[in-house]
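*Asks:* the amino acid sequence is not available; the structure is as follows:
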């Protein structure tokens, strides 16, 4: 665990903070598809992603999901920080996009380290900024892109965070992430394939245009 922490965070955090993270953090290994956080759950730990990728989703009143953004190694989830600061319950659902390794830090240390370590404060503020920019990008995508463009961007984003142009997924799962129907997704995926932007296979898609 110590080696993984230093590999991803040594350039960000000072030695004393790294030692504190090693002391109080617990390593968590999860398989692809594992739910890491549920909407309404009490947050007891802050995640730092050491390896893999995690997708963050919101849910409407009908139970339909919408993908907000991905986090990858070296990142954390600003939505978790926000809930911790307000001592509230989770507003998001987090699901492992790939097999992943995380360090789980007790929430009691979040505010303590904000005043104790300048590097932690900078990390939290930069994480907020990055996630805010990604949320604005999500809004822009919903408002301004056509559905075929949204689907291609979604696949490109997944390829980038997993560092693999091959996406193992189904048409239905894409429909869930983008809050649309499987029929629409299937039709537009075929259109993207005809435009030589992707290759379609059974339960996996290769992104050709990155």
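*Replies:* Nice, I can see it. Bear in mind the structure is a predicted one, so any value in this text is a computation, not a measurement. Numbers count the residues shown, from 1 in each chain.
*Asks:* show me what contacts residue 67?
*Replies:* 55, 56, 57, 138, 154, 177, 178 (Cβ atoms under 8 Å, 6 or more residues apart in numbering). (Each C-beta comes from the backbone N, C-alpha and C, glycine too.)
*Asks:* downstream of the helix or strand of the chain with the lowest mean pLDDT, the next helix or strand is which one?
*Replies:* Taking mean pLDDT, DSSP states H and E as the measure, the chain has helix 78-85 as its least confident helix or strand, at a mean of 66. Counting by DSSP states H and E, the next helix or strand C-terminal to helix 78-85 is strand 93-96.
*Asks:* which positions within the helix or strand hosting residue 5 qualify as buried?
*Replies:* Assigned by DSSP H and E, residue 5 falls within helix 2-9. Neighbour-count burial for helix 2-9, counted by 16 or more other Cβ atoms under 10 Å, picks out 5, 8, 9.
*Asks:* which ones among the contacts of residue 67 lie within strands?
*Replies:* Judged by DSSP state E, the contacts of residue 67 include 55, 56, 57 as members of strands.
*Asks:* who wins on neighbours among the residues you listed?
*Replies:* residue 56 (24 neighbours; other Cβ atoms under 10 Å).
*Asks:* strands paired with the helix or strand hosting residue 66, and their directions?
*Replies:* Taking DSSP H and E as the definition, residue 66 sits inside strand 65-72. Strand 65-72 pairs in its sheet with strand 53-59 (antiparallel), by DSSP bridges.
*Asks:* how about low-confidence regions in the chain?
*Replies:* 79, 81-88 (pLDDT under 70).
*Asks:* for it, longest helix please?
*Replies:* helix 118-144 (DSSP state H).
*Asks:* and the angle from it to helix 2-9?
*Replies:* Orientation check (axes from the mean of the first three to the mean of the last three Cα atoms, to 10 degrees): helix 118-144 against helix 2-9 gives 60 degrees.
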